[in-house]
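Student: 3D, please:
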Amino acid sequence: MVKELKEFGVEAYGYDPLLRKEELKGFGVKALDNLDVKLKMDGVIVAVAHDEFKRMKLEDLIGKMNSKPVLIDVRGVFDGEEAKKKGFYYWRL
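Tutor: Now for the predicted structure:
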């Protein structure tokens, strides 16, 4: 997934509270220590359903994103209808 995103010029960052930064870098992303970042992202891919992500609210995400935010929710952590109402382009497997 990261490889394909990079082919389109996407700068990919990764965060997982259960992995070390070195492990995250192995996926080809720039590893983040936490989600308290000043980056404005165009999209977020939630690929795992860790408790930390389950506790996250859509408002937590939208404040970190540019206009027309994209949320790819692989594990179904968020309510799709609520995400769409809040302005996300929402997609789930």
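Student: C-alpha only now, for contacts and for neighbours.
Tutor: OK.
Student: What ranges does this protein have for its strands?
Tutor: If you assign secondary structure with DSSP state E, the strands in the chain sit at 13-14, 30-31, 41-46, 65-73, 89-92.
Student: now the ones you listed as a markdown table including mean pLDDT?
Tutor: Supplementary listing: the strands of the chain in a markdown table, determined by pLDDT from 0 to 100:
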| stretch | mean pLDDT |
| --- | --- |
| strand 13-14 | 94 |
| strand 30-31 | 94 |
| strand 41-46 | 93 |
| strand 65-73 | 94 |
| strand 89-92 | 96 |
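Student: Adding mean neighbour count and distance to Leu5, write these out as CSV.
Tutor: Conversion of those to CSV gives the following (neighbours: other C-alpha atoms under 10 Å; distance: least, C-alpha to C-alpha, whole Å):
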stretch, mean neighbour count, distance to Leu5
strand 13-14, 18, 11
strand 30-31, 18, 13
strand 41-46, 18, 11
strand 65-73, 18, 13
strand 89-92, 16, 16
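Student: Turn the ones you listed into CSV, including distance to Met1.
Tutor: Supplementary listing: these in CSV, determined by distance: least, C-alpha to C-alpha, whole Å:
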stretch, distance to Met1
strand 13-14, 12
strand 30-31, 14
strand 41-46, 10
strand 65-73, 12
strand 89-92, 15
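Student: So what's the residue count around Lys85?
Tutor: Neighbouring residues of Lys85 were enumerated by other C-alpha atoms under 10 Å; the total is 10.
Student: any idea how far it is from Met1?
Tutor: Between Lys85 and Met1 the computed distance is 27 Å (C-alpha to C-alpha, to the nearest Å).
Student: and the residue nearest to Lys40 when sequence neighbours are not counted, what are its bridge partners?
Tutor: Among residues not flanking Lys40 along the chain, Met65 sits closest, at 4.8 Å (C-alpha to C-alpha, 6 or more residues apart in numbering). Beta-bridge pairing for Met65 (DSSP bridges): Met41.
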